[in-house]
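S.K.: Here is a sequence together with a model predicted from it:
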Amino acid sequence: MARIVFDLDGTLIDSAPDIHALANRILQGEGCAPISMAQTRVFIGNGAGVFVARMRAAAGLPETAQTRLQEAFVEGYRDAVTLTEPYAHVVEALDRLAGQGHALGICTNKPLTPCKAVLRHLGLEARFATVWGGDSLPARKPDPAPLHAAFDALGDGPRLYVGDSEVDAETAQRAGVPFLLFTQGYRKTAVAQIPHDVAFDSFADLPGQVAALLDAAT
């Protein structure tokens with residue numbers, strides 16, 4: 001059976017509403033206009049520091065404010081879970097994959113504390129044998145080190161990575177593993193421009209896509 005590692009934000013869960021609300025609370029405190037939900041989705045994907053830098057630039061705040069804003073964001077991010085929901089059919093797909101004997105893990109650029117907080121809030125934590133956040137190692141995606149670490153923690157077996165973004169695709173390429181692209185997440189470019197082995201727009205299709213990919217490899 002396979003070792004399947006998932007990205008989190010934009011892949012398993014839609015966390016943009018919580019991130020959007022947090023960002024705008026911070027910007028309101030700075031006397032700045034809010035950012036839009038569309039901007040929020042574009043800014044997500046490279047970790048908290050990059051998100052804050054993009055938010056700050058959009059608001060016209062100086063680079064000297066980065067550390068202060070990032071500290072406020074990380075503090076609020078720890079329990080920003082109330083507006084976050086799994087994408088449709090995620091829970092059923094995870095349970096089906098686990099029932100087929102696949103080992104499941106997470107590799108995300110989200111810091112580990114808020115990552116685990118949202119997994120607990122949504123009742124998903126027990127479904128994953130290993131969870132790696134953006135601060136679990138000195139390097140984060142697209143560096144392949146955390147993805148390699150997640151796979152190593154799951155043991156031997158075929159390896160598959162599931163994500164939604166250009167960063168995830170690059171990480172999979174650099175790690176040398178097949179990539180399954182969820183097309184309804186936070187990607188910024190067309191599906192055809194993102195390297196992938198399989199693309200899917202509903203988690204109801206994922207177990208079948210995994211089976212087909214594994215069959216083709218044997």
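M.R.: Received the coordinates, thanks.
S.K.: where exactly do the strands run in this structure?
M.R.: For the chain, the strands defined by DSSP state E cover 3-6, 13-14, 85-86, 103-107, 130-132, 159-163, 179-182, 198-200.
S.K.: I'd like these as CSV, with mean neighbour count and mean pLDDT appended.
M.R.: Every residue, glycine included, has its C-beta placed from N, CA and C. Listed next are the strands of the chain as CSV, based on neighbours: other CB atoms under 10 Å; pLDDT from 0 to 100:
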stretch, mean neighbour count, mean pLDDT
strand 3-6, 27, 99
strand 13-14, 24, 97
strand 85-86, 15, 98
strand 103-107, 24, 99
strand 130-132, 23, 99
strand 159-163, 27, 99
strand 179-182, 24, 99
strand 198-200, 17, 98
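S.K.: May I have stretch 153-165 exported as CSV, CA atoms only?
M.R.: Extracted in CSV, the C-alpha atoms of stretch 153-165 (Å, rounded to 0.1, in the frame of the first residue of the first chain):
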residue,chain,number,x,y,z
ALA,A,153,8.1,8.7,9.0
LEU,A,154,5.5,6.6,7.2
GLY,A,155,7.9,3.9,6.3
ASP,A,156,8.6,2.0,3.1
GLY,A,157,6.1,1.9,0.2
PRO,A,158,5.1,3.8,-3.0
ARG,A,159,5.0,7.5,-2.3
LEU,A,160,2.3,10.0,-3.5
TYR,A,161,1.9,13.7,-2.7
VAL,A,162,-1.4,15.5,-2.9
GLY,A,163,-1.5,19.3,-3.1
ASP,A,164,-3.2,22.3,-4.7
SER,A,165,-0.5,24.8,-5.7
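S.K.: Helices of the chain, start to end?
M.R.: 16-29, 37-43, 48-59, 66-77, 90-99, 112-121, 145-154, 166-175, 206-217 (DSSP state H).
S.K.: and the second one, what does it pack onto?
M.R.: Contact partners of helix 37-43 among helices and strands, from 3 or more CB pairs under 8 Å, 6 or more residues apart in numbering; DSSP states H and E: helix 16-29, helix 48-59.
S.K.: Identify all contacting residues around it.
M.R.: Residues outside helix 37-43 that contact it (CB atoms under 8 Å, 6 or more residues apart in numbering) are 10, 16-17, 19-20, 23, 35, 50-51, 54-55, 58, 186, 188.
S.K.: For Ala98, state which of those residues is nearest.
M.R.: Gly10 (21.7 Å; CB to CB).
S.K.: if I pick that closest one, what's in contact with it?
M.R.: Ala16, Arg41, Ile44, Gly45, Gly163, Asp164, Ser165, Phe182, Gly185, Tyr186, Arg187.
S.K.: Same question for Met55.
M.R.: Contacts of Met55 by CB under 8 Å, 6+ apart are Ala23, Ile26, Leu27, Ile35, Phe43, Leu69, Phe73.
S.K.: do that again at 10 Å, thanks
M.R.: Residues near Met55 by CB atoms under 10 Å, 6 or more residues apart in numbering: 19, 22-24, 26-27, 32, 35, 39-40, 43, 61, 69-70, 73.
S.K.: and what of Asp7?
M.R.: Asp7 neighbours (CB under 10 Å, 6+ apart): 13, 45, 106-110, 141, 147, 161-165, 167-168, 171-172, 182, 185-186.
S.K.: make it 7 Å
M.R.: Residues in contact with Asp7 (CB atoms under 7 Å, 6 or more residues apart in numbering) are Cys107, Thr108, Val162, Gly163, Asp164, Asp168.
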